[in-house]
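Engineer: Sequence plus predicted model, see below.
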Amino acid sequence: MSQGPDNMKVEQEGSSFKDQVVTALTQFVDAVDKKCSSLPYLPDIAAKAKTKPAYIALAVCAAFLMFILMMIGFNAIVNIICFAYPAMAALKAMQTKPEKYDEQWLTYFMIFGKFHVAESFYPSLLTDVSFYVLFKFLVLVWCFLPQSTGAQKVYSFFIKKVLAAVGPKPESKTE
């Protein structure tokens, strides 16, 4: 059975947050070390470097992720994250049709699109405005997370009021 985060036991009573984090990281490194020990050549390299195989494997993964980050950029990664999960969640919502799913996902993709329109009219926004991409990431994650339902909040507190004041009136359904 996997030693994933669901299976890790972290003592919560009588220990500080720092102790919990250290315990969880230690358990994670031990699980990675256990899996890396069976790989060819890695235990030998780790023995010569006088370290755990997990540290070498994690360092290689971190270097690879940094290389990817430098090659495609943080904005591309933000766009992938902020499109892939919401697209899958929207497709799932269209199949199950939970309450107010249309408000959530239509509003989310309107906000997502507004960021892209702003970036196309002002491309230096990505480089000239400090922390713009981080701000964009945080706003979009807040909007799509089911725990916050940020897009529904934007719809009910802003878009709905603007549409009521200046937008077209909803058409009545006649049968």
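Structural biologist: That came through fine. Numbering: from 1, shown residues only.
Engineer: going forward, measure contacts and count neighbours with C-alpha atoms only.
Structural biologist: OK.
Engineer: Helices of the chain, residue ranges please.
Structural biologist: Residue ranges of the helices in the chain, as given by DSSP state H, are 17-36, 42-49, 53-96, 101-121, 125-128, 132-144, 150-154, 160-166.
Engineer: list the helices and strands the fifth one packs on?
Structural biologist: Helix 125-128 is packed against helix 132-144, with contacts defined by 3 or more C-alpha pairs under 8 Å, 6 or more residues apart in numbering; DSSP states H and E.
Engineer: If we go by neighbour counts, what in the helix it packs on is buried?
Structural biologist: Judged by neighbour count (16 or more other C-alpha atoms under 10 Å), helix 132-144 contains these buried residues: 133, 136-137, 139-144.
Engineer: between these, which is nearest Gly113?
Structural biologist: Distance to Gly113 across these (C-alpha to C-alpha) is lowest for Leu140, with 10.7 Å.
Engineer: nearest residue to that closest one other than its sequence neighbours?
Structural biologist: Cys82 (6.5 Å; C-alpha to C-alpha, 6 or more residues apart in numbering).
Engineer: just the helices of the chain: most buried one?
Structural biologist: Per-stretch averages of neighbours, counted by mean count of other C-alpha atoms under 10 Å, single out helix 150-154 among those, with a mean of 20.
Engineer: quick one: low-confidence ranges for this protein?
Structural biologist: 1-14, 167, 170, 172-175 (pLDDT under 70).
Engineer: go again using 90 as the cut-off
Structural biologist: For the chain, the stretches with pLDDT under 90 are 1-21, 32-33, 35-44, 46-47, 65-81, 85, 89-107, 122-133, 146-149, 151-175.
Engineer: In contact with Leu69: list those residues for me.
Structural biologist: By C-alpha atoms under 8 Å, 6 or more residues apart in numbering, Leu69 lies in contact with Ile77.
Engineer: And it, how far from Lys153?
Structural biologist: Plainly put, Leu69 is 32 Å away from Lys153 if you go by C-alpha to C-alpha, to the nearest Å.
Engineer: do the same with Ala84
Structural biologist: Remark: distance between Ala84 and Lys153 (C-alpha to C-alpha) = 21 Å.
Engineer: Please apply the same query to Leu140.
Structural biologist: With C-alpha to C-alpha as the criterion, Leu140 and Lys153 are 13 Å apart.
Engineer: about what we covered before: contacting residues for the residue nearest to Leu140?
Structural biologist: 112, 137, 140-141.
Engineer: List just the nearest of those to Pro168.
Structural biologist: Phe112 (22.7 Å).
Engineer: gap between that closest one and Asp30?
Structural biologist: Taking C-alpha to C-alpha, one finds Phe112 at 40 Å from Asp30.
Engineer: Find the nearest non-adjacent residue to Leu42, please.
Structural biologist: Pro53 (6.1 Å).
Engineer: Kind regards, and thank you for your time.
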